[in-house]
Structure formats: structure tokens, C-alpha cells
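Trainee: coords below, sequence missing:
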């Protein structure tokens, strides 16, 4: 069985797949994937939060990946994949994205002096589309949801010989995201009691799982947060198999994959991943409180992770004995996101609260 769940559609992708598969078969340390290149992502701050710690009843650290050059964690994995593809002779990239994966692709392509085409669904805001163009990317609107745009991106990669950049479903993307945990290992005084992540298609979750295993923290629980109406992982966990949502009804559009990647579903069987769902309203409340307390504005998708604390999910899991009552340091991955502004925040409040 191939190590690559996505379809390889161009000669450059085939060469990239062969190199990446060889690395995985060789069983080398994930960190070695970056040894021969200088990454585009930065080592982001790990900040202790007094306010979140008071709410959670334990020390809370914020991994501030909103400070990445492209605005979110996505540049970690996508940067690694694009660099490997460029080294294999890619003539350009095509990515399907509601925003953040596209921004990461556009940023890296600009740095590599390669063209990028970003296929976005119609739910993508005009502001996000303009940000993509500002990075020099060509933007095409196709379909209603990300899955529609993804099909078009695959077609374009095949017909124009471009490298398809999957937003979340690729081993190199997971390897890049695993760098978050390596940074945590280097910065934290002790092993975390749990890690909180937001889940869209599952790429960040896969990367965190791989990173935890790599540094010897494989027993650390992960709280995987989604919003209702974009909860493809939770739906799969409930059904006991990968399922496809009928539609994306959440306003957290950057969590808007109808189907979670199989790798993300498979790792939930290991027993230390807790899947939780909050409402858009809870994610919005978390976003607002985070602005007030930490003076940082993040998008609604990131609010899903923050709601684990602000909406009492962590405390409920402790009361249910799904997390220890005496919980060690809690890490929240502040995944960031560029689909937010004061105007967009106001629109969200009007839409979700009437």
C-alpha cells in the first residue's frame, strides 16, 4: 500500500512521492526530513497564560503559531512539501484551500520564485482571496465547499503538470507539523499533561501525534476540537469509520473538510485522542475572550481549540475521568489563521447572535 493517500498527478509529484516513501520506509527520525533545507517556518513563542491557567486550574501554555509568516501553522508542513517538490523539479504548485493552506503555499511559492494557483470554494471571503493575490498567487473560485475545490485542483495538477499541494493529507505535511512538538520539547520544563488542537482535515492532529511519538511523549493525551457542522473527525469516531458530512454548516470555514483524512481517523484508535465538538457560538465566545485577555485576534477555527478551556471542556473531561484531575501543564496550539479581521469579527457576531 502506498504511503501517499492522495493521487500523484504529475512527474514532479511522482519523484517527490518516491523520495518521501523511501524516507518513511527507512524509518528515519522525522526531524531529519528538514536536515538538508532551511525551513520557511519560524520557531514560535511558547507563552504561559495567567488567565487561561486560572480557568483551567493548571498551568496553560500557548504555542503561538499565529505568529508564522503566513499567519498559521500550515506553513510548517506545506513549506516542507513545497521545498522537497521544488528540489524534484516542480514547475509550480496548485493547492485547494479555503485560506490558510493556500496562503502558506502562495508564500512559499513566492520565496521559491515558482507560480502558485489556489483553488478556493465560493465560501471564501473576498479579503482572503485578495491576500492570496497579494502573495502573487492566481486565485480561482470553484464549488461550494473545499471538497469541490480539491477535485478541481487535482484536475488542474494533471492537465497543467503542476505539483498538487494537499492542505492536510500527506506524510510530508505531517512531518512538517511535527516540528511544533520538537519546539515544545526544547522549551517546556516538563512533559505536558495534554495538548489541545483544532481539527479540520486532520493534518495538524497527525503532525502532533507524530511529533509526540518522536520526542518520547507518545502517552500525552490530545484533545481534538471541532465545531458542530464541521466535525468530520468526531462523526468518524462516532461511526467507527471514515464518513463524509452532507455539508459544512459551521461558520468556521477553515475547518470545512467534509471527510477527515484516514490517517487522522486511524490515530484515534490509539486511545489517547479525545474528540470533542463545540458550537460556533462557543468558539466565537472563546475568540472574544482571547482578544480581551491575551490581546490576540484569531479566526473562528482557532476559537474551537480555545473553547476547550473557555467553555469548560477540559474540566468536564476531568470530571468524567477522561483526563486526570491533577493535570500537568496544558498546551493549546494557537493555530492562528488569516480569515479574521475586526470587520469579519463583527459580521460573525451579527450572524451567530442575530
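Mentor: It's in. For clarity, every value in this text was computed on a predicted model and none was experimentally measured.
Trainee: Which strand or helix spans the closest residue in space to residue 268 that isn't next to it in sequence?
Mentor: Nearest non-adjacent residue to residue 268, counting by CB to CB, 6 or more residues apart in numbering: residue 237, 5.5 Å away. C-betas here are computed from N, CA, C, even on glycine. Residue 237 is part of helix 232-239 when elements are defined by DSSP states H and E.
Trainee: cool, residue 352 as well?
Mentor: Counting by DSSP H and E, residue 352 is found in helix 342-353.
Trainee: Give the next helix or strand downstream of the lowest-mean-pLDDT helix or strand in the chain.
Mentor: The helix or strand of the chain with the poorest confidence is helix 11-26; it has a mean of 45 (mean pLDDT, DSSP states H and E). Once the chain leaves helix 11-26, the next helix or strand it forms, by DSSP H and E, is strand 46-48.
Trainee: Could you tell me the per-residue confidence at the nearest residue to residue 59 once chain neighbours are set aside?
Mentor: Nearest non-adjacent residue to residue 59, counting by CB to CB, 6+ apart: residue 329, 4.5 Å away. pLDDT recorded at residue 329 is 96.
Trainee: count of neighbours near residue 329?
Mentor: 20 (other CB atoms under 10 Å).
Trainee: before we move on, what about residue 350?
Mentor: Here the count is done by other CB under 10 Å, and residue 350 has 9 residues near it.
Trainee: so where's the chain uncertain?
Mentor: For the chain, applying pLDDT under 70 flags the ranges 1-37, 255.
Trainee: can you map out the strands along the stretch 251-354 of the chain?
Mentor: Applying DSSP state E, counting those that start in this stretch to the stretch 251-354 of the chain gives strands spanning 273-278, 330-334.
Trainee: Point out the most buried one among these.
Mentor: strand 330-334 (a mean of 27; mean count of other CB atoms under 10 Å).
Trainee: Given that strand, what are its sheet partners and their directions?
Mentor: strand 60-64 (parallel), strand 194-198 (parallel) (DSSP bridges).
Trainee: just checking, next helix/strand downstream of the first one?
Mentor: What it means is strand 60-64. Following strand 60-64 in sequence, per DSSP H and E, is helix 74-87.
Trainee: which SSE is the residue nearest to the spatial centre of the chain in?
Mentor: By CA atoms, centre = their mean, the chain has its centre lying nearest to residue 204, at 4.1 Å. Counting by DSSP H and E, the element that carries residue 204 is helix 203-214.
Trainee: Mind jotting down where the helices sit in the stretch 101-250 of the chain?
Mentor: Under the criterion DSSP state H, counting those that start in this stretch, the stretch 101-250 of the chain contains helices at 126-134, 146-160, 171-177, 179-187, 203-214, 232-239.
Trainee: How about residue 248: what's its closest non-neighbour residue?
Mentor: Spatial nearest neighbour of residue 248, chain neighbours left out: residue 256 (4.1 Å); criterion: CB to CB, 6+ apart.
Trainee: count of neighbours near that neighbour?
Mentor: The burial count for residue 256: 27, using other CB under 10 Å.
Trainee: my read: it touches residue 200, true?
Mentor: Yes. Using CB atoms under 8 Å, residue 256 makes contact with residue 200 at a distance of 6.9 Å.
Trainee: So for these two, which residues contact both of them?
Mentor: Counting by CB atoms under 8 Å, 6 or more residues apart in numbering, the residues touching both residue 256 and residue 200 are residue 230.
Trainee: before we move on, back to that, and the helix holding residue 237, what does it pack onto?
Mentor: On a contact count with 3 or more CB pairs under 8 Å, 6 or more residues apart in numbering; DSSP states H and E, helix 232-239 meets strand 222-227, helix 262-267, strand 273-278.
Trainee: who's in contact with it?
Mentor: Under CB under 8 Å, 6+ apart, the answer for helix 232-239 is 199, 201-202, 205, 224, 226, 242-245, 257-260, 264-265, 268, 275-277.
Trainee: counting contacts, what elements does the helix holding residue 204 pack onto?
Mentor: Helix 203-214 packs on helix 74-87, helix 171-177, helix 179-187, strand 194-198, strand 222-227, helix 262-267, going by 3+ CB pairs under 8 Å, 6+ apart.
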